[in-house]
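Chemist: Kindly return the folded structure for what I paste below:
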Amino acid sequence: MSRSLRLVLAVSALLALSLTGTACDGGVHGTPGGSGVRDPYFPKAGNGGYDVGHYALTLDYTPAGRHLIGTAVITARATKDLSAFDLDLVGLRVESVTVEGRKARFSRAGQELTVRPHDDLRKGETFSTTVRYSGTPRTLTDPDGSAEGWLPTADGALGLGEPVGSMAWFPGDDHPSDKAAYDITVTVPKGLQAVSNGELTSRSTKGGRTTYAWHMAQPMASYLATVAVGHFTMTRTEGPHGLPVLTAVDPSQAKASEKVLAKIPEIIKWEEYNFGPYPFSSTGAVVDRPEDVKYALEAQTRPVFPGAPDTSTLVHELAHQWYGDSVTPKSWRDMWLNEGFATYAEWLYREDFGGKSAQETFDEYYEGDHEEVWAFPPAKPSSAAHISDSPVYQRGAMVLQKIRQKIGDEAFWDLLKGWAAAHRHGSASTAEFTAYVQKRAPDHDFRGIWRDWLYGDGKPAHP
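Modeler: Predicted structure coming up:
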């Protein structure tokens, strides 16, 4: 072969590499399905072009070095023809990616892991992506200053995902509009426990390490996935109609938590009476040390608490299993559909068990010195930093009380149950809720409630 021919072939090979973006240059070319779903507050969250059906997460965590080794197998369906697609993942080192068993090229930019499969994917095709990764997961700071992502604790770690923290410990479509089933397997040093969502399907110990396998069969938004690693006292009881109740409590919180956690079965029974059948196959709670986590979170089937919760907080987080976990907000602008409903559950529980009526609580907020409630409308938080502020919670609950005033108790209870049933295991928006209310009560005019209480700025003129 002549020198000139070798040169021509070499140039041709380099040109081919630059066009195809092979592993040697780390580049990915093609049209991704979308590096975000344009959420009004978190525009980079989520990804377009596919819908995830199942996550299989295999995690190995060593608290002493804060080292995580992970494999994520993501089964999804393409919603359009794809030559590339994105996953949300922040930090951690990606070691390899395969799509349908074939090595795929990938690149990183911020929270985007862009994957270029060997073969293009057709609309409607179901495909499997395997991502192998490792490193020290990050603790992220929310716009409101709260910590999420992977939180190191005194004896382990806690994975919390609201609103976008799940991408700190596994790659995925990190937006509430895309829900999937999960299998989460966690290996930790012997003597520690690893608690997650759903049901514990197996536990085994080998070589000084224990593996816990958890199965969440019903669809779950990524922000509701959790892993708690540490020393926990795990207790199994039964709720209504044999519903498994599993609690995991840090030993330092066991005595303070005992009485309130014993109320879980009766609270679930009360909530089923008001909201309809419990939407999942198990329930429970995780109680960690208050110095390790600063807020409660409605992780699916297993809410997380910073120390022993009071009854009202337990009612709130369990109510989220209907409103937030089963019926999940379509975007973060719809957060009041979570928090307004769960706050109203607290009002109803108080009303039913000898406390103030929901109307009395409403009047207190309206007539009292609660300027924070009127800072912005519940359906239009002023920014990402305020999606968990008082208007979303208390004024959101006030919207529900206004609807109750309008249509009466019997129709209102039917509406609460009907909303939970109509969007069971799905995602819904505020516009879908207002349309649902109007459809269920066509003889009533709700325009004033929507204008003044749901979308209006400032304090409405009349209660």
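Chemist: got a list of what the nearest residue to residue 275 once chain neighbours are set aside touches?
Modeler: Excluding the flanking residues, the one nearest residue 275 by C-beta to C-beta, 6 or more residues apart in numbering is residue 322, at 4.6 Å. Yep, even glycine has a C-beta here, placed from its N, CA and C like the rest. Contacts for residue 322 (C-beta atoms under 8 Å, 6 or more residues apart in numbering) come out as 271, 275-276, 278-279, 341, 420.
Chemist: Now, these that are in helices?
Modeler: Among those, the members falling in helices (DSSP state H) are 271, 275, 341, 420.
Chemist: Among the residues you listed, which pair sits farthest apart?
Modeler: 271 and 341 (11.1 Å; C-beta to C-beta).
Chemist: more crowded one of the two?
Modeler: residue 341 (26 against 20; other C-beta atoms under 10 Å).
Chemist: what residues are up against that one?
Modeler: 319, 322-324, 396-397, 400 are the contacts of residue 341 under C-beta under 8 Å, 6+ apart.
Chemist: Which members of those are classed as buried?
Modeler: Neighbour-count burial (16 or more other C-beta atoms under 10 Å) is assigned, among those, to 319, 322-324, 396-397, 400.
Chemist: Just give me the closest of those residues to residue 313.
Modeler: Within the buried ones among the contacts of residue 341, proximity to residue 313 (C-beta to C-beta) peaks at residue 319, which comes in at 10.6 Å.
Chemist: so the closest one makes contact with residue 342?
Modeler: Yes. Look at residue 319 against residue 342 with C-beta atoms under 8 Å: they come within range, at 4.5 Å.
Chemist: before we move on, what SS does residue 201 have?
Modeler: Taking DSSP: H, G, I helix; E, B strand; the rest coil as the rule, one finds residue 201 in the strand state.
Chemist: Per-residue pLDDT of it, please?
Modeler: On pLDDT, residue 201 comes in at 98.
Chemist: Next one: it from residue 158, what distance?
Modeler: The spacing between residue 201 and residue 158, counted by C-beta to C-beta, to the nearest Å, is 21 Å.
Chemist: And these two? Which one has more around it.
Modeler: residue 158 (27 against 11).
Chemist: Can I take it that the more buried one is in a strand?
Modeler: Yes. With three-state DSSP as the criterion, residue 158 is located in a strand.
Chemist: That one - nearest residue in space that isn't next to it in sequence?
Modeler: residue 151 (4.6 Å).
Chemist: show me the contacts for the one you found.
Modeler: 139, 157-160, 292-293.
Chemist: In a helix, residue 372, correct?
Modeler: Yes. Under three-state DSSP, residue 372 falls within a helix.
Chemist: so how far is residue 323 from the closest residue to it other than its chain neighbours?
Modeler: Closest residue to residue 372 apart from its sequence neighbours, by C-beta to C-beta, 6+ apart: residue 390 at 4.4 Å. Taking C-beta to C-beta as the measure, residue 390 falls 18 Å from residue 323.
Chemist: Residue 273 too?
Modeler: Distance of residue 273 to residue 323, given as C-beta to C-beta: 15 Å.
Chemist: any idea where the strands of the stretch 251-400 of the chain begin and end?
Modeler: Ranges of strands in the stretch 251-400 of the chain, per DSSP state E, counting those that start in this stretch, are 283-288, 304-306, 327-329.
Chemist: Please tabulate these in CSV, including the columns mean pLDDT and distance to residue 232.
Modeler: Output for the strands of the stretch 251-400 of the chain, formatted as CSV (pLDDT from 0 to 100; distance: least, C-beta to C-beta, whole Å):
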stretch, mean pLDDT, distance to residue 232
strand 283-288, 98, 7
strand 304-306, 98, 12
strand 327-329, 98, 27
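Chemist: residue contacts, the closest residue to residue 282 other than its chain neighbours?
Modeler: Nearest residue to residue 282, sequence neighbours excluded (C-beta to C-beta, 6+ apart): residue 244, at 4.2 Å. With contact taken as C-beta under 8 Å, 6+ apart, residue 244 is in contact with 199, 236, 238, 281-284.
Chemist: Among the residues you listed, pick out the one closest to residue 147, please.
Modeler: Residue 147 lies nearest to residue 284 out of those, by C-beta to C-beta, at 23.2 Å.
Chemist: quick check, nearest of the ones in helices among the contacts of residue 322 to residue 381?
Modeler: Distance ranking of those against residue 381, using C-beta to C-beta, places residue 341 first at 16.0 Å.
Chemist: quick one: that closest one from residue 315, how far?
Modeler: For residue 341 relative to residue 315 (C-beta to C-beta), the value is 12 Å.
Chemist: now residue 463
Modeler: Remark: distance between residue 463 and residue 315 (C-beta to C-beta) = 25 Å.
Chemist: Likewise for residue 277?
Modeler: To residue 315, residue 277 is 18 Å away according to C-beta to C-beta.
Chemist: Report the residue spans of the protein with pLDDT below the cut-off.
Modeler: 1-30 (pLDDT under 70).
Chemist: quick one: the helices in it?
Modeler: 3-20, 254-261, 264-275, 311-319, 336-352, 358-367, 390, 396-407, 409-422, 430-440, 447-449.
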